[in-house]
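**Student:** no sequence on this one, just coordinates:
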């Protein structure tokens, strides 16, 4: 039975990957007002609901204002105190999270279908009548401050906190450096002020999983009670001002590894060059078979890991490379990283290498579109910058499918300019 | 219910098939029944170093990752004290590539000197990144040998000493591979939009003729009962005091394991839990505090771990933890609270089922522990736990003689 002749030296036949379009979803208008996007999937009993509001840290007047407001929304309302909120959610076996990103505040809840329906009164209370109690606020802020101080003892956490300021400038909302004193200068009044101006009337709803009409009607009932304010605090434009110093070293005595971060502003998803930039980044450091991983880890053993990625934000994006390397060879590793960056715009990539990276990206994209919860996230992502998912993903796929070695060379030349990159080292650069 | 089918090849390889027609992706997960507990005390860190070497090329295929990336797949692996687990996710139409790659590295590795040399360095950097270059990073390296005097859980998966990795030789590596990487010591789970018949054909084709007998058995020294409290103080460059308490608890085959799990949920699962409500929020003795179980196969540890709020000393906070533990022993919790943690167990299992990869990894783990179908009966066993069970087990576990306590003090 097991004597079939097989040639183990040759890979079995494989099929090339294709994109069959962004998976179908339905779009409803709730109460003739709120768009609601649904991905049905009846594999499990679980439902995920996200309500996205257009207000985030970009419009905050003080550091931590938006994230603390989001965190504190679930710490007490007129109807429920903090313990009752926590207990109700835990008793329901649900997960509730309110988070603030740069441009959004998002209320997310995961629950088994028949339980989710019962949680709408609580959700409504959180969205309409949070009270931001002083005592809870003091404790949570103090705990966050402690966590922040511990983070500053880790070379990579510290690097991640500082690096964006070198790309965008310290006055830019994306480049602000959080300080310990910021935790002392925040008051519950700041949170209330932001909360009272949330443009809830422009909320968008995303539901994935085991959706039935009861969930939709309960959602619709709840949304009748929230504010119809459509405009919150306007987002002011801010100019990007990269740091004047190109390389910064934060010396940590005795560090056995140094964190290295380097990068440069790049175009984001709305730009036609974006897919080629993703491809170029992937070849450089975007996957296990990338040049940086091969050179810095798999050939030299300088590090446990190195990666290059594109940090996407609505108003500006940057590419950054990050790694933690053995202290003694910090400079050597940095030189090697720059050598790999320059090589991409000096010589054309071989077709084989291009094809591997291309297929890796295709596989990643297909994985990222698998399942209702992943899909709601993808859709929220493209909606946040007003793109149509079908058009966006189709163009992304097709552009990468037809990319040539010349395209990669041209893209590297255009965007990966070593002389303009900012470098941050936290550790021990002997 | 996780519905699956199971068959065994003549060489002993167990194969489980979990069919999910709603996903275009397939998962191939292979668990090898070897972990850090199977290591020689003088050659620790091997199971994990070995996991790295499994990507360094096999007998017929010079690179593992490239051919997989070429067909749109990705993979990863982890090693713990009990098992080593490898998983591939790829578009289902290209699943044969995963069979080809996994079967070749089960057949034989390339054993390249270069790969060993580089992966030694990579693992040493991993050791530094996780354990040396982090505040509190070495706490677990010290807590394990404090809690275990005999059982190999006394060393971490990364190894007991960095020199063990530095000194690993090719002959050590070969011996380890020959001993453990055999079909009869592996469990493969294939999940995705597939039929059992086609999986069976592929398994026979690629794995059927790997004839490597498996004779090794786990020869593990069991931990004697602890009969006195152990304590250790570490000083280091950390900003706040931290507390680590470890109580011995039963292994996975013991029904009391689940009871310990539920106790840890009463103490610490969710924002309404006791440790969080009483000691983090109300008294604010800790900036964070968690109770959890290590989840080991052999008798493992029930851990209570947290960072103290600035200003408090260990003498201030330890009695408060003991008070919370006494409350559990006395049964001072409501029926609703017990129902709450059971509800959480139910939903956690339900949420986990939404991921095909999770399902594949869990089926492999449960099969390794004896029977994959047990996963379908876990929830009902948790639901049957009573208040008396909890009091009995809490009294049994939370005794001073059973405690190993590590205090982490900031350098003055």
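**Tutor:** Good, I have the coordinates. Because the structure is a prediction, the values reported are computed rather than measured.

**Student:** isn't residue A:31 right up against residue A:220?
**Tutor:** Yes - distance between residue A:31 and residue A:220: 5.7 Å, which falls inside the contact criterion (CB atoms under 8 Å). (Glycine included, C-beta is placed from N, CA and C.)

**Student:** looking at those two, which is more packed in?
**Tutor:** For residue A:31 and residue A:220, the more surrounded residue by other CB atoms under 10 Å in any protein chain shown is residue A:220, and the numbers stand at 18 against 14.

**Student:** residue A:153 and residue B:138: what is the separation?
**Tutor:** If you measure residue A:153 against residue B:138 using CB to CB, to the nearest Å, the figure is 13 Å.

**Student:** so what's the closest residue to chain B within the stretch 201-350 of chain A up against?
**Tutor:** Nearest residue of the stretch 201-350 of chain A to chain B (CB to the nearest CB) works out as residue A:301 at 2.8 Å. Taking CB atoms under 8 Å, 6 or more residues apart in numbering or on different chains, we find residue A:301 in contact with B:117, B:118, B:119, B:120, B:121, B:122, B:124, B:125.

**Student:** now it: closest residue in space, sequence neighbours ignored.
**Tutor:** Closest residue to residue A:301 in three dimensions, ignoring its sequence neighbours and counting by CB to CB, 6 or more residues apart in numbering or on different chains: residue B:121, at 2.8 Å.

**Student:** and what about that neighbour, helix, strand or coil?
**Tutor:** Here residue B:121 is helix, with the state taken from DSSP: H, G, I helix; E, B strand; the rest coil.

**Student:** now do residue A:96
**Tutor:** strand.

**Student:** what about the residue of the stretch 51-200 of chain A found nearest chain B, which helix or strand?
**Tutor:** For the stretch 51-200 of chain A, the residue positioned closest to chain B under CB to the nearest CB is residue A:93, at a distance of 2.9 Å. In this structure, residue A:93 sits in neither a helix nor a strand according to DSSP states H and E.

**Student:** that one: neighbouring residues, count only.
**Tutor:** Using other CB under 10 Å, the number of residues around residue A:93 comes to 23.

**Student:** so it sits against residue B:349, correct?
**Tutor:** No - with contact taken as CB under 8 Å, residue A:93 and residue B:349 are classed as non-touching, separated by 9.7 Å.

**Student:** please name the residues that touch residue A:259.
**Tutor:** Counting by CB under 8 Å, 6+ apart, residue A:259 touches A:155, A:156, A:158, A:159, A:322, A:323, A:324, A:424, A:425, A:426, A:427.

**Student:** same thing but 10 Å
**Tutor:** By CB atoms under 10 Å, 6 or more residues apart in numbering or on different chains, the contact list for residue A:259 reads A:154-160, A:163, A:250, A:252, A:322-325, A:330, A:424-427, B:129, B:133.

**Student:** cool, residue A:215 as well?
**Tutor:** Residues in contact with residue A:215, defined by CB under 10 Å, 6+ apart, are A:38, A:47, A:49, A:111, A:113, A:114, A:116, A:117, A:120, A:207, A:209.

**Student:** pLDDT averaged over the helix or strand hosting residue B:179 - what is it?
**Tutor:** Taking DSSP H and E as the definition, residue B:179 sits inside helix B:170-180. If you average the pLDDT over helix B:170-180, you get 94.

**Student:** stretch A:348-364 too?
**Tutor:** 97.

**Student:** low-confidence bits of the chain, can you list those?
**Tutor:** Assuming you mean chain A. When the per-residue scores of chain A are filtered using pLDDT under 70, the ranges that remain are A:1-4, A:430.

**Student:** can you look at chain B instead?
**Tutor:** Regions of chain B meeting the criterion pLDDT under 70 are absent.

**Student:** quick check: domain ranges of chain B?
**Tutor:** When chain B is parsed into structural domains using automatic domain parsing, the resulting residue ranges are B:5-207, B:230-410.

**Student:** out of those, deepest packed?
**Tutor:** Mean neighbour count (mean count of other CB atoms under 10 Å in any protein chain shown) peaks for domain B:5-207 among the domains of chain B, with a mean of 20.

**Student:** quote the end-to-end distance of that domain.
**Tutor:** In domain B:5-207, first residue to last residue: 18 Å (CA to CA, to the nearest Å).

**Student:** so how far is that domain off the chain centroid?
**Tutor:** The chain centroid and the centroid of domain B:5-207 are separated by 13 Å under CA atoms, centre = their mean, to the nearest Å.

**Student:** once you drop chain neighbours, what's closest to residue 229?
**Tutor:** Using chain A here. Once chain neighbours are set aside, the closest to residue A:229 by CB to CB, 6+ apart is residue A:201, at 4.9 Å.

**Student:** not quite, I wanted chain B
**Tutor:** Excluding its sequence neighbours, the residue lying closest to residue B:229 (CB to CB, 6+ apart) is residue B:400, at 4.7 Å.

**Student:** and the strands in the stretch 1-150 of chain A?
**Tutor:** If DSSP state E, counting those that start in this stretch is used as the criterion, the strands of the stretch 1-150 of chain A fall at A:26-30, A:34-40, A:46-53, A:95-100, A:105-112.

**Student:** okay, those strands in a markdown table with distance to residue A:271 next?
**Tutor:** Supplementary listing: the strands of the stretch 1-150 of chain A in a markdown table, determined by distance: least, CB to CB, whole Å:
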| stretch | distance to residue A:271 |
| --- | --- |
| strand A:26-30 | 26 |
| strand A:34-40 | 25 |
| strand A:46-53 | 23 |
| strand A:95-100 | 26 |
| strand A:105-112 | 25 |
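
**Student:** make TSV from the ones you listed and add mean neighbour count and distance to chain B to it.
**Tutor:** As requested, the strands of the stretch 1-150 of chain A are arranged in TSV below (neighbours: other CB atoms under 10 Å in any protein chain shown; distance: least, CB to the nearest CB, whole Å):
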stretch	mean neighbour count	distance to chain B
strand A:26-30	13	17
strand A:34-40	19	11
strand A:46-53	23	6
strand A:95-100	19	8
strand A:105-112	22	6
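
**Student:** out of the ones you listed, which is closest to residue B:183?
**Tutor:** strand A:46-53 (36.2 Å; CB to CB).

**Student:** run a quick neighbour tally on residue A:406.
**Tutor:** Residue A:406 is flanked by 10 other residues according to other CB under 10 Å.

**Student:** find the nearest non-adjacent residue to residue B:370, please.
**Tutor:** When the adjacent residues along the chain are set aside, residue B:370 lies closest to residue B:253, with 7.6 Å between them (CB to CB, 6+ apart).
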